[in-house]
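Colleague: this one's sequence-less:
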């Protein structure tokens, strides 16, 4: 739908090409758009999902806590009046939901279902083949380490991986994603955790005080 708004599309493509991005770049959006084409008939508000795909990482600074909120604000700033109000509100809800990767409470059933599909597509990389997952993990590291430092990155990434694995809850929200991706995702995440543990041990051996 953004083909009808070439200036906005060009702005988004420029944002996705910013130098701090490695994983959270155009290729990630393209992968989501491809996955969405296969699922378009399963959602109630396809235009909202497409907008959420394009805008959910429109503002991205590694380590910042307000990327999702600022991305949602940018969506409204650029698209208000260009799409129906309900579509815009649904897309905003999807983008804000990426902050916790959970469906917010109290949503209408149809919107909640669309949010779940969108969030599962966004996190499908967790259940990708090992080589694709390793490229993703390396890309995230290349984004974050210059911004926060290696020790802080290892600590934060370990928490990101370990929390969901140990929560006892499924990683994905829809039945389809759970059936297709849950097992591979857990295997990938445990493998990355083991790598992070080895790197932490090596860093502590080099410098027992700072672990760097």
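Modeller: Done, it's in. Here the structure is a predicted model, which is why all the values come from computation and not from measurement.

Colleague: show me where pLDDT drops low in the chain?
Modeller: 208-212 (pLDDT under 70).

Colleague: Walk me through the domains of it.
Modeller: Domain ranges of the chain: 2-122, 126-206, per automatic domain parsing.

Colleague: looking at those domains, which is buried most?
Modeller: Mean neighbour count, computed with mean count of other CB atoms under 10 Å, is highest for domain 2-122 among those, reaching a mean of 17. C-beta coordinates here come from the backbone N, C-alpha and C atoms, glycine included.

Colleague: In which helix or strand does the nearest residue to residue 197 once chain neighbours are set aside reside?
Modeller: Sequence neighbours aside, residue 158 is the residue nearest to residue 197 in space, at 7.8 Å (criterion: CB to CB, 6 or more residues apart in numbering). For residue 158, the element it lies in under DSSP states H and E is helix 150-166.

Colleague: what does residue 196 give?
Modeller: Per DSSP H and E: helix 175-206 holds residue 196.

Colleague: picking that back up, the residue nearest to residue 197 contacts residue 195, doesn't it?
Modeller: No - contact criterion CB atoms under 8 Å: residue 158 and residue 195 do not qualify, at 10.4 Å.

Colleague: Enumerate every residue touching the spatially most central residue of the chain.
Modeller: In the chain, the residue lying closest to the centroid (CA atoms, centre = their mean) is residue 122, at 4.9 Å. Contacts for residue 122 (CB atoms under 8 Å, 6 or more residues apart in numbering) come out as 32, 56, 98, 101.

Colleague: same thing but 10 Å
Modeller: With contacts defined as CB atoms under 10 Å, 6 or more residues apart in numbering, residue 122 is in contact with 28, 31-32, 35, 52-53, 56-57, 94, 97-98, 101.

Colleague: Ok, residue 100 next?
Modeller: 68, 119.

Colleague: Phi, psi for it please.
Modeller: The phi/psi pair for residue 100 (degrees, to the nearest 10) reads phi -110, psi 0.

Colleague: Report the separation between it and residue 13.
Modeller: As judged by CB to CB, to the nearest Å, residue 100 and residue 13 stand 28 Å apart.

Colleague: Kindly report the same for residue 129.
Modeller: Between residue 129 and residue 13 the distance is 27 Å, computed by CB to CB.

Colleague: close enough to count as contact, residue 107 and residue 93?
Modeller: Yes - here residue 107 reaches residue 93: they are 7.0 Å apart, a contact under CB atoms under 10 Å.

Colleague: Please identify every residue contacting each of these two.
Modeller: Joint contacts of residue 107 and residue 93 (CB under 10 Å, 6+ apart) are 114-115.

Colleague: Residue 193 is in contact with the residue nearest to residue 197, correct?
Modeller: Yes - the pair residue 158 / residue 193 is scored as a contact, 6.6 Å apart, by CB under 10 Å.

Colleague: any common contacting residues for the two?
Modeller: Common neighbours of residue 158 and residue 193 (CB under 10 Å, 6+ apart) do not exist.

Colleague: dump the residue contacts of residue 82.
Modeller: Counting by CB under 10 Å, 6+ apart, residue 82 makes contact with 1-2, 4-5, 8, 88.

Colleague: Output the residues you listed as TSV; include the columns distance to residue 76.
Modeller: Formatted as TSV, these follow (distance: CB to CB, whole Å):
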residue	distance to residue 76
1	16
2	15
4	18
5	14
8	12
88	6
